[in-house]
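[1] Pasted the sequence and its predicted model underneath.
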Amino acid sequence: MQRTLAYAWDTVVLPQGWNVKGASFMAPKGTIVRKIRLVPDNTEQIEGKINEQTIVILTRY
């Protein structure tokens, strides 16, 4: 069964390449983001880890 919702501590794969602001790298398409979770005080942000570096993904653009 395939699910479409992500849950806390899930792993997701980026569908396209993204510039990571404040970091020294670009996350190419297919990059694995581990341990995602909602930011408690900001529903427009999701935290995750790429190569053990914490990033913030904006849910609105």
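    That came in fine, so what should we check first?

[2] Just give me the neighbour total for residue 48.
    Using other CB atoms under 10 Å, residue 48 is surrounded by 21 other residues. In short, each C-beta sits where N, CA and C put it, glycine included.

[3] Name the strands paired with the lowest-mean-pLDDT helix or strand in the chain and say parallel or antiparallel.
    Within the chain, no helix or strand scores below strand 18-19, which has a mean of 83 by mean pLDDT, DSSP states H and E. When pairing is defined by DSSP bridges, strand 18-19 lines up against strand 26-27 (antiparallel).

[4] residue ranges with poor pLDDT in the protein?
    1-7, 61 (pLDDT under 70).

[5] can you pull out the strands in it?
    In the chain, the strands defined using DSSP state E lie at 12-13, 18-19, 26-27, 32-39, 42-50, 53-58.

[6] In stretch 53-61, which residues are buried?
    Residues of stretch 53-61 classed as buried by neighbour count (16 or more other CB atoms under 10 Å): 55, 57.

[7] List the residues that contact residue 9.
    35-37 (CB atoms under 8 Å, 6 or more residues apart in numbering).

[8] any idea how far residue 32 is from it?
    14 Å (CB to CB, to the nearest Å).

[9] shared neighbours of these two, anything?
    Joint contacts of residue 9 and residue 32 (CB under 8 Å, 6+ apart) do not exist.

[10] Surely residue 18 touches residue 26?
    Yes. Look at residue 18 against residue 26 with CB atoms under 8 Å: they come within range, at 7.1 Å.
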